[in-house]
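K.L.:
Below are the sequence and a predicted model; questions follow.
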Amino acid sequence: MIIFRIEEIKFDIDQLVKKLNDETEKILAEAAQAGLDEALRKVPVRTGLLKSSITLRKINDKTFEVSAGGGKYLEKGKPYYAPFVEFGTRKMSPRPYMKPAWEKADKIVGSRLRSISF
């Protein structure tokens, strides 16, 4: 009788863990997309090259990456200057676009994780 009850509790816990994993994956995907959208909205545009380099990549079920730039100096089609725009230089003020994107994604994850109901 006690063994049956333990198995029943284990089954309930397994179901809760599965639901939490599924919900977490959906929330992270939604937050990553919102982060991408925010970065694309905030990025300063002069030629459009930096904006066109902003991408979203799914690494695994719970890991997404929003990135910008990535080119080497003078590599055609890849803006090497993405960090200069984000953080500024001694001659140019910062114009952040990735930090606001991360903040928006972080806010979505926090609020949506708190709203999961079982």
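P.N.:
Alright, I've got the coordinates. Residues are numbered from 1 along each chain as shown.
K.L.:
use CA for all of it now, contacts and neighbours both
P.N.:
OK.
K.L.:
Which strands or helices does the longest helix along the chain pack on?
P.N.:
For the chain, the helix reaching the highest residue count under DSSP state H is reported as helix 2-42. Judged by 3 or more CA pairs under 8 Å, 6 or more residues apart in numbering; DSSP states H and E, the packing partners of helix 2-42 are strand 55-60, strand 63-67, helix 98-114.
K.L.:
try 6 Å this time
P.N.:
Contacting helix 2-42 under the criterion 3 or more CA pairs under 6 Å, 6 or more residues apart in numbering; DSSP states H and E are the following elements: helix 98-114.
K.L.:
In this protein, which residue is most central in space?
P.N.:
Nearest to the geometric centre of the chain sits Ala32, at 3.2 Å (CA atoms, centre = their mean).
K.L.:
Could I get the contacting residues of that residue?
P.N.:
By CA atoms under 6 Å, 6 or more residues apart in numbering, the contact list for Ala32 is empty.
K.L.:
how near is it to Ala101?
P.N.:
9 Å (CA to CA, to the nearest Å).
K.L.:
With Pro79 instead?
P.N.:
Pro79 sits 19 Å away from Ala101, going by CA to CA.
K.L.:
Where does the prediction get shaky in this protein?
P.N.:
1-8, 71-75, 118 (pLDDT under 70).
K.L.:
Swap in 80 and give it another go.
P.N.:
Applying pLDDT under 80 to the chain flags residues 1-12, 70-78, 116-118.
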